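> Predicted structure and sequence below. I'll ask about it afterward.
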Amino acid sequence: MRTLIVTSDAGFDHRIPPAHAEQPQRLRAVMDALGEAPLDRLKRVEARAASRDDLTRVHTEDHVDRVAACEPDDDGLTGLDWDTYMTKGSWQAALHAAGSGLTAVDAVMKDEAEAVFCAVRPPGHHAERARPMGFCLFNNVAVAAMYALDVHGLDRVAIVDIDVHHGNGSQELAERESRIFFASIHQSPLYPGTGRAEETGLNGNVVNVPVPAGTTGEEWRAAIERDILPALESFDPQLVFISAGFDAHAADPLAGLTLDERDYAWAARKFAEFRGKSGAARLVCLLEGGYDLGALGRSAAVFTQALAEA
Ligand SMILES: [Zn+2]
């Protein structure tokens with residue numbers, strides 16, 4: 001697939017202290033891995049900043065105002081919940097992380113690319129309509145999905161979330177928006193505690209595949225083949241978003257699945273094969289979690305490489 005990388009250096013300015021898992025070095029690890037041959041040949045595009053209109057397709061005006069107001073103007077730290085913080089620079093980082101998906105959607109809709117990997121932080125999939133949480137300020141993938149529907153005029157888009165944590169914020173959007181299909185495979189029990197198989201959204205537009213700690217890559221692949229890909233086919237989205245968290249890796253300190261980077265390459269190939277009835281390949285992948293720097297860099301690289309080779 002013709003594959004682009006969208007990123008923003010603003011992601012380095014969200015300076016969460018080193019003791020926190022979601023730190024600027026994560027983006028450095030990903031960009032270093034994407035900078036090695038043959039990935040260094042892929043075109044890089046700078047993410048634009050999301051506008052207020054872009055954000056309020058998903059979030060309340062109050063939510064946007066609150067995040068804006070929480071950025072400290074000194075070297076301090078503002079806590080939005082027990083594990084979600086802002087520092088000076090976080091506001092621009094959040095706007096560009098949310099904007100990366102918009103830049104990516106424009107690229108695939110103009111057929112400048114068939115697949116895009118957005119290397120950005122902070123992550124987004126836990127952010128709800130009116131609540132930042134779980135390291136997430138704005139729901140980057142949800143903002144991009146609504147943009148594809150309302151600005152580009154698509155009728156149906158899908159979000160497939162392979163982060164080890166359930167994408168509660170993305171599911172919350174799908175529960176009020178039938179043009180979105182949301183599927184998640186995630187460890188359960190684990191933060192944030194949502195994502196039971198019984199949560200099926202509007203007429204089945206939500207598919208949750210909770211798996212226990214210790215799940216192997218082979219079992220994870222089988223569950224995606226069995227529970228997610230057929231539902232994705234029948235929804236027939238015109239564009240597929242992947243919430244690409246790499247924290248189901250065995251080395252990850254925040255979870256207990258036992259994947260390795262080959263499983264992420266497999267997932268990229270599977271989603272790259274998806275065409276839908278239109279026949280067009282359009283895949284927009286946004287970085288979510290992944291907290292072991294080595295595993296994160298390697299996983300993001302093999303994932304993106306598999307897209308480019310598909
Ligand atoms: Zn995660």
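Everything's here; your move. Nothing here was measured: the structure is a model prediction, and the numbers come from that model.
> From Cys285, how far off is the closest residue to Gln305 other than its chain neighbours?
The shortest distance from Gln305 to any non-neighbouring residue, by CB to CB, 6 or more residues apart in numbering, is to Leu39 (6.0 Å). (Each C-beta comes from the backbone N, C-alpha and C, glycine too.) The gap separating Leu39 from Cys285 is 14 Å, by CB to CB, to the nearest Å.
> ok, the two, which is more surrounded?
Cys285 (29 against 18; other CB atoms under 10 Å).
> so the more buried one touches Val116, yeah?
Yes. Using CB atoms under 8 Å, Cys285 is in contact with Val116, at 6.7 Å.
> Scan the helices and strands of the chain for the one with the lowest mean pLDDT.
strand 78-81 (a mean of 91; mean pLDDT, DSSP states H and E).
> Could I get the buried residue list for it?
If you call a residue buried by 16 or more other CB atoms under 10 Å, then strand 78-81 has these buried ones: Leu80.
> Neighbouring strands - and their directions - for it?
Strand 78-81 has its sheet partners listed here by DSSP bridges as strand 84-86 (antiparallel).
> got a list of contacts for the strand it pairs with?
14, 16, 20, 67, 70-72, 77-80, 132-137 (CB atoms under 8 Å, 6 or more residues apart in numbering).
> and this protein, which of its residues are near the ion?
Where the chain comes near the ion, counting by CB under 5 Å from the ion, the residues are Asp163, His165, Gly245, Asp247, Gly289.
> do that again at 8 Å, thanks
Within the chain, the residues that sit near the ion (CB under 8 Å from the ion) are 123, 125, 134, 163-165, 245, 247, 254-255, 288-291.
> give me the number of residues near the residue in the stretch 1-150 of the chain that the ion sits nearest to?
Of all residues in the stretch 1-150 of the chain, the one sitting closest to the ion is Pro123 (7.2 Å; CB to the ion). For Pro123, the count of nearby residues is 29 (other CB under 10 Å).
> same check, this time on the one 4 residues further on
Here the neighbour count serves as a burial measure; for Ala127 (other CB under 10 Å) it reads 34.
> which ones are touching it?
Applying CB under 8 Å, 6+ apart, the residues near Ala127 are His59, Met133, Gly134, Cys136, Leu137, Phe138, Asn139, Ala142, Gly169.
> and those, which two are the farthest apart?
Greatest spacing in the contacts of Ala127, by CB to CB: His59 and Gly134 (15.0 Å).
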